[in-house]
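In: kindly generate the corresponding structure for this input.
(6 chains)
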4 protein chains.
Amino acid sequence: MTPAETATLRPRIEGEREQEIFEAAIDVLAEVGYDRLTMDAVAARAKASKATLYRRWNGKIPLLIDALLNSKEHSHSPADTGTLRGDLLEMFCGMGGLTDHDSVAVFGSVVTALCRDEEFAAAFRTEFIGPKSAASHAMFERARARGEIGEHVDLDLLAPALAGIVMHRVFMLGELPDEGLVERVIDQIILPAATHRPDTVAGARTSHTRTSPRTQKDLT
Amino acid sequence: MTPAETATLRPRIEGEREQEIFEAAIDVLAEVGYDRLTMDAVAARAKASKATLYRRWNGKIPLLIDALLNSKEHSHSPADTGTLRGDLLEMFCGMGGLTDHDSVAVFGSVVTALCRDEEFAAAFRTEFIGPKSAASHAMFERARARGEIGEHVDLDLLAPALAGIVMHRVFMLGELPDEGLVERVIDQIILPAATHRPDTVAGARTSHTRTSPRTQKDLT
Amino acid sequence: MTPAETATLRPRIEGEREQEIFEAAIDVLAEVGYDRLTMDAVAARAKASKATLYRRWNGKIPLLIDALLNSKEHSHSPADTGTLRGDLLEMFCGMGGLTDHDSVAVFGSVVTALCRDEEFAAAFRTEFIGPKSAASHAMFERARARGEIGEHVDLDLLAPALAGIVMHRVFMLGELPDEGLVERVIDQIILPAATHRPDTVAGARTSHTRTSPRTQKDLT
Amino acid sequence: MTPAETATLRPRIEGEREQEIFEAAIDVLAEVGYDRLTMDAVAARAKASKATLYRRWNGKIPLLIDALLNSKEHSHSPADTGTLRGDLLEMFCGMGGLTDHDSVAVFGSVVTALCRDEEFAAAFRTEFIGPKSAASHAMFERARARGEIGEHVDLDLLAPALAGIVMHRVFMLGELPDEGLVERVIDQIILPAATHRPDTVAGARTSHTRTSPRTQKDLT
DNA sequence: CAATAAACGAGACGGTACGTCGAGTCTTCCT
DNA sequence: AGGAAGACTCGACGTACCGTCTCGTTTATTG
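Out: The predicted structure follows:
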């Protein structure tokens, strides 16, 4: 009678059953993508009834949000290596899971869903992106506290940049990334931006609008 | 009577008729959004038949992509302003068409197709990404020729970075971008990365930290 | 509350629901005719979905056949009146459902299917023609047992003759039959053929002719 | 200049070109049946344009009527053999063309069309059935003039009976007929009905309604 | 003997119905 | 009592065919 002991035959959606449904949903998502994922398919794979799914979730979107949140352990472990560079490498060591083709497919489906469904987007941003973003921010704040980042650098701009650059290459350019790519982006873009002196580019910043193009050539 | 002059009454989908369909699609898109846009609705508004739409486009996504690309002029004109900053601002002034919510929705739909359909991905990358990428590269090459970019900077890494950062904010963070955002990214990330001196960054990388530079090099 | 008593509200297609769909089909058929009858119209009138109709029937023809067969009682009751004439009149009183123009149209549609689809033809002959044919044969056998039919008469030839003659008039000649027609065919063709004495006919065959009986036998 | 000499390259629909279209129509009709015959298919097979077909015929029905009328030579040759039996065998020697499976298919399609389209039915009955029916009637009238058929026999009933019985066996029972079948029907049904004495079956005729069933047993 | 008007093939077009599929609801059985 | 199974309504999908139309081209008759 105790729920913990009737493991294999428990009919109610509690814990393990829920996890099975999540896995089924993720499987189907990875196989056919968000658009072609149907509740029937998830129900069939989970050997559950559609009614059961709809009793617990409002539709495919809430179900997938829950599934994604529970499938990725997404441990926002601080991973304090003592340097921004180390922290970033640590955080992106697994590329956020974009290391194999299936994971890319799942994530791509999420992108579509983000653009398609405002409700899903809001929930996903709050519950999935939010924590990652917070962790990233904390990381950059620590770097700033250590003096690695100039006071004038906008962390809201810089913190998500690495992820953006990498994902753009994955989705738009069709690149399957490795850790070397991450490292190069960190060294050539993120860290230079974190450490640049404001006056160096201040001239360039105003050149197009206020100064003559000729003046800027001197900056190079 | 000359066929070249009977412009307004030509029935075939050639130029103007196509444009009418695009406008109908954009109209419906603006009214009901991507999800509730149906081919029937577009056909009805364009006074065309569904068969005509399907003869020319595979479905709503290709139709809408075409419609959005043709509605926005998205002129890949080199736009040589004389400075990298000016060129970048010029190129991204319209955000590549990602200025309104529906455009984002349609573009987001592409991502799934990119991950699922290799043929579509190839075509998209060749015909859509390709020209933009080439224009961007040319722009950076000009900047390097002018001396705005250091020799050690990897343009293959830097050129797509701005688009990646912006699109990441749009898709993942749900930000509707304005030109100010583009300007800030250019000034705070792209230009610093373009103009950084390798040793300067190396210094920044190691200065104000608790670990030695040597230790970090091991991480590379 | 007992499931057996909730007759009017049962949603599944079981008996009464099916009957409602049949009635809707017959209604639409009567209103717009066979050609302009659409599955959408039937579904709308029956407050059913097209999917439900297609789940149960292959298309409009099977649906209408069922509808017509179920609307007409077409009871294949043996109807033993004691005479062949009475039995035949009894059996054909409803013409097998061919009493109105639409029924003829639907039944006529079967003919093409019979010529085109061997599987359908087999099923139709087994399940629809078969019982009628068996009942007809039994009827003629009873008549022979009573002595109404000569021993030399081929019942396999005579039993389907009435139906053939009547249907030919209906389909080919466009006659809408009444019971009087059936009666005249019975009296003037079926019963004479059933009761003729072989020698009598042979005499008739040769008498009043210009050629010899021998000559005609060669034609056989 | 003479139309008979420009045979292979004549573009206008005159004579031979028309015949080619008719053959194409009959071919398609035999292959896919009336329902699935499309104007596109006929046009494609005839290497003609749909516009050409519609210029000359109003739709598939007039086209098919013309095609059927011109394909079957349907020579209503009197074929006066001197006896009804001989005439009937002569007339049905080719079964009206129902000797092979394809012809049966074509004719079956016609039956469907007869039931589906009142316009086609009217035209077909006037132009195709009519002459055949008249020829048959003339044949029976000659027989009556020779004394082979009793005065009380209704020729309107008897004349179409043979065709009806045979076609019923072909379409409904799925029998591919041979000449032996025709002969047996003639000898066992048509000729007995033609030569029967009215008083022989008069009792049977009234038995079901006016006399007792018992009385009729005496008639056998 | 070119020029012209008619008729042609080819096939896109607007429209209508088709038959299928998925979402979300509901009922029935089963455990 | 609650879940599995699956039929149901609704609505959009993408396809097929109809009958009309516009294209160029070819043919037979004119200027």
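In: report the longest helix in chain A, please.
Out: helix A:16-36 (DSSP state H).
In: avg pLDDT for it?
Out: Helix A:16-36 carries an average pLDDT of 88.
In: got it, and stretch A:82-98?
Out: Over the span of stretch A:82-98, the pLDDT mean works out to 80.
In: that stretch near chain B at all?
Out: Yes: using CB under 8 Å from any CB of the partner chain, stretch A:82-98 reaches chain B at A:Gly82, A:Thr83, A:Arg85, A:Gly86, A:Leu89. For every residue, glycine as well, the C-beta is placed using N, CA and C.
In: what two of these are the furthest from one another?
Out: Greatest spatial distance among the residues of stretch A:82-98 next to chain B (CB to CB): A:Gly82 and A:Leu89, at 12.0 Å.
In: and the two? Which one has more around it.
Out: Taking other CB atoms under 10 Å in any protein chain shown, A:Gly82 and A:Leu89 do not tie; A:Leu89 has more neighbours (19 against 15).
In: what's the separation between A:Ala138 and chain B?
Out: Using CB to the nearest CB, to the nearest Å, A:Ala138 is found at 17 Å from chain B.
In: kindly report the same for A:Arg144.
Out: Where chain B is concerned, A:Arg144 sits at a distance of 10 Å (CB to the nearest CB).
In: thinking again about what came up before, possible to save the residues of stretch A:82-98 next to chain B as JSON lines with distance to C:Pro131 and secondary structure?
Out: Shown next, in JSON lines, are the residues of stretch A:82-98 next to chain B (distance: CB to CB, whole Å; DSSP: H, G, I helix; E, B strand; the rest coil):
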{"residue": "A:Gly82", "distance to C:Pro131": "91", "secondary structure": "coil"}
{"residue": "A:Thr83", "distance to C:Pro131": "90", "secondary structure": "coil"}
{"residue": "A:Arg85", "distance to C:Pro131": "87", "secondary structure": "helix"}
{"residue": "A:Gly86", "distance to C:Pro131": "86", "secondary structure": "helix"}
{"residue": "A:Leu89", "distance to C:Pro131": "82", "secondary structure": "helix"}
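In: make TSV from these and add distance to D:Ile61 to it.
Out: As requested, the residues of stretch A:82-98 next to chain B are arranged in TSV below (distance: CB to CB, whole Å):
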residue	distance to D:Ile61
A:Gly82	88
A:Thr83	86
A:Arg85	82
A:Gly86	83
A:Leu89	78
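In: return the member of those residues nearest to DNA strand E.
Out: A:Leu89 (39.4 Å; CB to the nearest atom of the strand).
In: my read: the closest one touches A:Arg184, true?
Out: No: A:Leu89 is not in contact with A:Arg184 according to CB atoms under 8 Å; the separation is 11.3 Å.
In: grab the nearest non-local neighbour of A:Cys115.
Out: Nearest non-adjacent residue to A:Cys115, counting by CB to CB, 6 or more residues apart in numbering or on different chains: B:Gly108, 2.5 Å away.
In: per-residue pLDDT of the one you found, please?
Out: For B:Gly108, pLDDT reads 77.
In: and it, backbone torsions?
Out: When read as degrees, to the nearest 10, the backbone of B:Gly108 gives phi -60, psi -30.
In: give the contact list for it.
Out: Going by CB atoms under 8 Å, 6 or more residues apart in numbering or on different chains, B:Gly108 touches A:Val111, A:Thr112, A:Leu114, A:Cys115, A:Arg116, B:Phe171.
In: now the nearest residue to the second one once chain neighbours are set aside: which helix or strand?
Out: This points to A:Thr112. Nearest-residue entry for A:Thr112: B:Thr112, 3.9 Å, with adjacent residues in sequence omitted and distances by CB to CB, 6+ apart. Using DSSP states H and E, B:Thr112 sits in helix B:101-116.
In: now do that helix against helix B:16-32, angle only.
Out: If you take axes from the mean of the first three to the mean of the last three CA atoms, to 10 degrees, helix B:101-116 sits at 100 degrees to helix B:16-32.
In: wait, does helix B:101-116 make contact with DNA strand E?
Out: No: Helix B:101-116 is not in contact with DNA strand E by CB under 7 Å from any atom of the strand; minimum separation 14.3 Å.
In: what's next to the helix or strand just after that helix, contact-wise?
Out: Later in the chain than helix B:101-116, the nearest helix or strand by DSSP H and E is helix B:118-124. Defining contact as CB under 8 Å, 6+ apart, one finds that helix B:118-124 is touched by A:Gly174, B:Val110, B:Ala113, B:Leu114, B:Cys115.
In: chain neighbours aside, what residue packs nearest to the third one?
Out: Sequence neighbours aside, B:Phe120 is the residue nearest to B:Ala113 in space, at 4.9 Å (criterion: CB to CB, 6+ apart).
In: any idea how far the longest helix of chain A is from the chain center?
Out: In terms of CA atoms, centre = their mean, to the nearest Å, the centre of helix A:16-36 is set 18 Å apart from its chain centre.
In: kindly report the same for stretch A:118-131.
Out: Distance of stretch A:118-131 from its chain centroid, counting by CA atoms, centre = their mean, is 11 Å.
In: what comes up buried for it?
Out: Going by neighbour count (16 or more other CB atoms under 10 Å in any protein chain shown), the buried part of stretch A:118-131 is A:Phe120, A:Ala121, A:Ala123, A:Phe124, A:Phe128, A:Ile129.
In: the domain parsing of chain A - what is it?
Out: A:12-71, A:75-199 (automatic domain parsing).
In: what pLDDT does A:Arg125 get?
Out: pLDDT, A:Arg125: 87.
In: so the closest residue in space to it that isn't next to it in sequence versus chain D, what's the distance?
Out: Leaving aside its chain neighbours, A:Arg125 sits nearest to B:Gly174 (5.6 Å; criterion: CB to CB, 6+ apart). B:Gly174 is 50 Å from chain D, where distance means CB to the nearest CB.
In: surely B:Gly174 meets A:Asp117?
Out: No: using CB under 8 Å, B:Gly174 is not in contact with A:Asp117; the gap is 11.8 Å.
In: the residue of chain A found nearest chain D: neighbour count?
Out: Residue nearest to chain D within chain A: A:Arg36 (32.0 Å; CB to the nearest CB). By other CB under 10 Å, 13 other residues sit near A:Arg36.
In: what is the least confident helix or strand in chain A?
Out: The least trusted helix or strand in chain A, going by mean pLDDT, DSSP states H and E, turns out to be helix A:213-217, with a mean of 36.
In: just the helices in chain A please.
Out: Using DSSP H, helices in chain A cover A:16-36, A:39-46, A:50-56, A:60-71, A:84-91, A:101-116, A:118-124, A:130-145, A:155-158, A:161-171, A:179-185, A:191-195, A:198-207, A:213-217.
In: could you give the angle of the longest one to helix A:60-71?
Out: What separates the directions of helix A:16-36 and helix A:60-71 is an angle of 120 degrees, with the same axes, to 10 degrees.
In: please identify the buried residues of helix A:16-36?
Out: A:17-18, A:21-22, A:24-30, A:33-34.
In: please work out the residue of chain A nearest to chain C and name it.
Out: Closest point on chain A to chain C, by CB to the nearest CB, is A:Asp40, at 13.6 Å.
In: that residue: how many residues sit nearby?
Out: Residues within reach of A:Asp40, counting by other CB under 10 Å, total 11.
In: test my guess that it contacts A:Lys50.
Out: Yes: contact criterion CB under 8 Å: A:Asp40 and A:Lys50 qualify, at 6.4 Å.
In: just give me the closest of the contacts of helix B:118-124 to B:Leu157.
Out: A:Gly174 (15.8 Å).
In: how about the contacts made by the closest one?
Out: Here A:Gly174 is in contact with B:Leu114, B:Ala121, B:Arg125 (CB under 8 Å, 6+ apart).
In: can you list phi and psi of it for me?
Out: phi 70, psi 30.
In: how many residues are close by A:Arg55?
Out: 9.
In: an error on my part: the question was meant for A:Ser49.
Out: As a burial measure, A:Ser49 scores 11 neighbours (other CB under 10 Å).
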